[in-house]
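**Q** output the structure for:
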Amino acid sequence: MTITSAANPRVKAVMKLRRSRSRRGAEVFLAEGVREVSRAVEAGLRVRELWVCPQLIGDAGWPSKSVYEVPAELLVKMTYHREPEGVLAVVEKPRWTLEGLKVSGSTRVLMAVGTEKPGNLGAMVRTACAAGFDAVIAAGSVVDVFNPNAIRSSTGGVFVMPTLVLGEDEAIAWVRSSGLRAVAATPAGSVDYRRADWSGPLALVIGPEDAGLSERWLALADETGGQRVALPNAGPLVDSLNASVAAGVLMYEAVRAGGK
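**A** As a prediction, the model looks like this:
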């Protein structure tokens, strides 16, 4: 089916999904581009609608049924990014729950506290997938896991990595009840990350770049038998690392030293 008008109800519905408040509570998100749409399909997610622009994508072998064809100028209005590749999909969100996270002796969870930028969260999810972590929890944050920037920077990792957004109280209560050791990253940490104890099931806690972790998260590390760990810093004018960079270094060390 070919659609050419921005006044079309289906087009309007897609355009609304570009806004975070419209996606909040919705069962679907937008996947833009060949890689993202292909990976959503590979992850087993259900594609409700597929929109293509033959002018931009050519004959890419997309199925002819349930596909809407639109001109380039209309697809630009429908997508979040201003230079679309030629394919856009409305995809059902995966349904991650705390109950579905099974904790074992080798469980590794990244706890991203106060993350505000979707791109930062997506980058952390991407690395969590690559490092072999089991889940990512955005605690005390209003970040949208399925923001187009989060999807893009995760390279589709949010399609397969259980990624939940929780309040800080709920996240802390879950760490306690699950028997995880909290390993808190802080510049004031007393343990160099290379000499830290990464054994057993744990939650690696990364704080916001501006303020770092609050005392309640640092106390959680003490309470659960974890540690306060620090990354060495040799830069005279650099007081911290980007949160996703710090998370990446520590996740790989947790897997290496923890024997997962």
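**Q** where does pLDDT dip in the chain?
**A** 58-66, 236-239, 259-260 (pLDDT under 70).
**Q** again, 50 this time
**A** Residue ranges of the chain with pLDDT under 50: none are present.
**Q** so where do the strands sit in it?
**A** 28-32, 47-52, 67-69, 87-92, 108-113, 135-139, 163-166, 181-185, 191-192, 202-206, 227-230 (DSSP state E).
**Q** now do the same contact list for Val136.
**A** Val136 sits next to 109-110, 112, 121, 124-125, 128, 161-164 when contact means C-beta atoms under 8 Å, 6 or more residues apart in numbering. The way it works is simple: take the backbone N, C-alpha and C, and place the C-beta from them, glycine included.
**Q** that one pairs with what?
**A** Leu110, Thr163 (DSSP bridges).
**Q** now tabulate the strands of the chain in JSON lines and tack on distance to Thr4.
**A** JSON lines is the format used below for the strands of the chain (distance: least, C-beta to C-beta, whole Å):
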{"stretch": "strand 28-32", "distance to Thr4": "20"}
{"stretch": "strand 47-52", "distance to Thr4": "12"}
{"stretch": "strand 67-69", "distance to Thr4": "9"}
{"stretch": "strand 87-92", "distance to Thr4": "15"}
{"stretch": "strand 108-113", "distance to Thr4": "42"}
{"stretch": "strand 135-139", "distance to Thr4": "39"}
{"stretch": "strand 163-166", "distance to Thr4": "37"}
{"stretch": "strand 181-185", "distance to Thr4": "52"}
{"stretch": "strand 191-192", "distance to Thr4": "61"}
{"stretch": "strand 202-206", "distance to Thr4": "47"}
{"stretch": "strand 227-230", "distance to Thr4": "57"}
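**Q** most neighbours among the contacts of Val136, which one is it?
**A** Neighbour tally across those (other C-beta atoms under 10 Å): the maximum, 32 neighbours, falls on Val125.
**Q** quick check: that one touching Thr155?
**A** No. Using C-beta atoms under 8 Å, Val125 is not in contact with Thr155, being 9.1 Å away.
**Q** shared neighbours of the two, which are they?
**A** With C-beta under 8 Å, 6+ apart, Val125 and Thr155 have no common neighbours.
**Q** what's near enough to touch the nearest residue to Pro71 once chain neighbours are set aside?
**A** Closest residue to Pro71 apart from its sequence neighbours, by C-beta to C-beta, 6 or more residues apart in numbering: Thr4 at 6.0 Å. Neighbouring residues of Thr4 by C-beta under 8 Å, 6+ apart: 70-71, 74.
**Q** how close does Ile206 sit to Ala131?
**A** 13 Å (C-beta to C-beta, to the nearest Å).
**Q** repeat for Glu42
**A** 20 Å.
**Q** ok, those two, which is more surrounded?
**A** Ala131 (19 against 11).
**Q** quick one: residues contacting the more buried one.
**A** 108, 248, 251-252, 254-255.
**Q** which of these count as buried?
**A** 108, 248, 251, 254-255 (16 or more other C-beta atoms under 10 Å).
**Q** related to what we said a few turns ago, how about the contacts of Val136 in CSV, adding distance to Phe146?
**A** Shown next, in CSV, are the contacts of Val136 (distance: C-beta to C-beta, whole Å):
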residue, distance to Phe146
Val109, 20
Leu110, 18
Ala112, 16
Leu121, 10
Met124, 15
Val125, 11
Ala128, 16
Met161, 12
Pro162, 13
Thr163, 9
Leu164, 12
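**Q** so which pair among those residues is furthest apart in space?
**A** Val109 and Leu121 (14.4 Å; C-beta to C-beta).
**Q** can you show me the helices along the stretch 1-150 of the chain?
**A** 9-16, 20-23, 34-42, 54-57, 72-78, 118-131, 148-153 (DSSP state H, counting those that start in this stretch).
**Q** please identify which of those helices is closest to Ala211.
**A** Using C-beta to C-beta, the helices of the stretch 1-150 of the chain put helix 118-131 closest to Ala211, at 14.6 Å.
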